[in-house]
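[1] pasting the sequence and the predicted coordinates here, then a few questions.
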Amino acid sequence: MGQKIKFIHLSDIHLNPATKKNINGMGINTLHKFNALLNDIRKRALHPDFFIISGDLIHEGTVEDYRQLHVLLKEQEKAFGVPFYVCLGNHDDREAFWAGYKNVPGKKEAYYYSETVNDLKLIFLDSKYGISEEEGRISGEQLSWLKEQLVVTPPGGTILILHHPLYCEPLDFMKYSILQNTDELVPVIEGKDILAILSGHIHFNATFKTAGIMNFVIAAASYGIDCSNHRIHKFMDDSTYGLVRIVDREVMVEQWSLPASKNVKFELSL
Ligand SMILES: [Fe+2]
């Protein structure tokens, strides 16, 4: 038996530890949802090697929100004894993130980086685009950086993490809110040693292939969205995390939802 690794994939935690927002007037306490998921992970004795949170960390918040998020995640790192890696989503504020979470005031640049854990390379991209746009885009600068990152990869392979799901035909009804330049990303990742692409954003789970690479879109930690009626998106009480297991480069994702009412709290007509 070779490489064996497991980690937790959380997405769209939509926290506001300082500003305490009531998102869409739904009355969902996203911090309670987040803590409930972490408690469940503890209760199930999953012992992950690390955590990732794929964006929408803070819901349109402030520097203080990010500062408190940093404290909160540091506490969890200590409790679990493993690192938490994060990337940004469309509802995040880059400048507030750099100032509050990374303690670099005044910086506005995209946040992308790579980490290697036990021969597995994790590449985090920043697909936030514009200020308040729903859709995502990977900048040319990041695509060039990614190209270099994929030249040499460790024997355990690479996982790509970003907030916005890539485009696929069955997600066409969401085409204006997912990644807008999948066509520019594909030539960079095609044929490279990428085991899987992990994303979030749409608040429901989806699995598909891009250029032969598996995409696992995890449902949200904070609340779910039922998009089965393409014209009316129903925001509901729901909360999910993913347990990602990799054994000898084979990836399996188990999505785990906590009991929730699934009551519709908000409807968005399109
Ligand atoms: Fe999002």
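    Arrived safely, thanks for sending.
[2] K128: how many residues sit nearby?
    27 (other Cβ atoms under 10 Å). All C-beta spots, glycine's among them, are computed from the backbone N, C-alpha and C.
[3] adjust the sequence numbering to begin at 46 for everything that follows.
    Yep, numbering from 46; the last one is K173 now.
[4] what parts of this structure come near the ion?
    D101, G134, N135, H246 (Cβ under 5 Å from the ion).
[5] need these in a markdown table (columns: distance to D171).
    Formatted as a markdown table, these follow (distance: Cβ to Cβ, whole Å):
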| residue | distance to D171 |
| --- | --- |
| D101 | 13 |
| G134 | 9 |
| N135 | 11 |
| H246 | 13 |
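[6] tell me where the stretch 146-295 of the chain has helices.
    Along the stretch 146-295 of the chain, counting by DSSP state H, counting those that start in this stretch, helices occupy 185-194, 227-234.
[7] what's in contact with the longest one?
    Contact with helix 185-194 is made by 155, 157, 159, 166, 168, 170-171, 183, 203, 229-230, 233-234, as judged by Cβ atoms under 8 Å, 6 or more residues apart in numbering.
[8] same thing but at 7 Å, please
    By Cβ atoms under 7 Å, 6 or more residues apart in numbering, the residues outside helix 185-194 that reach it are A155, Y157, S159, I168, L170, D171, E229, L230, V233.
[9] for the last one, same thing?
    Contacting residues not belonging to helix 227-234 are listed as I183, L188, L191, K192, L205, L211, Y212, T255, A256, I258 [Cβ under 7 Å, 6+ apart].
[10] so what's the gap between the longest helix along the chain and the chain middle?
    Longest helix in the chain by number of residues (criterion: DSSP state H): helix 108-125. Computed by Cα atoms, centre = their mean, to the nearest Å, the separation of helix 108-125 from the middle of its chain amounts to 17 Å.
[11] now the next helix-or-strand element following it - C-alpha only, CSV.
    Downstream of helix 108-125, the first helix or strand assigned by DSSP states H and E is strand 129-132. Output of strand 129-132 as CSV, limited to C-alpha atoms (Å, rounded to 0.1, in the frame of the first residue of the first chain):
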residue,chain,number,x,y,z
PHE,A,129,-6.6,24.6,7.5
TYR,A,130,-5.9,25.8,4.0
VAL,A,131,-8.3,28.4,2.5
CYS,A,132,-9.0,30.1,-0.8
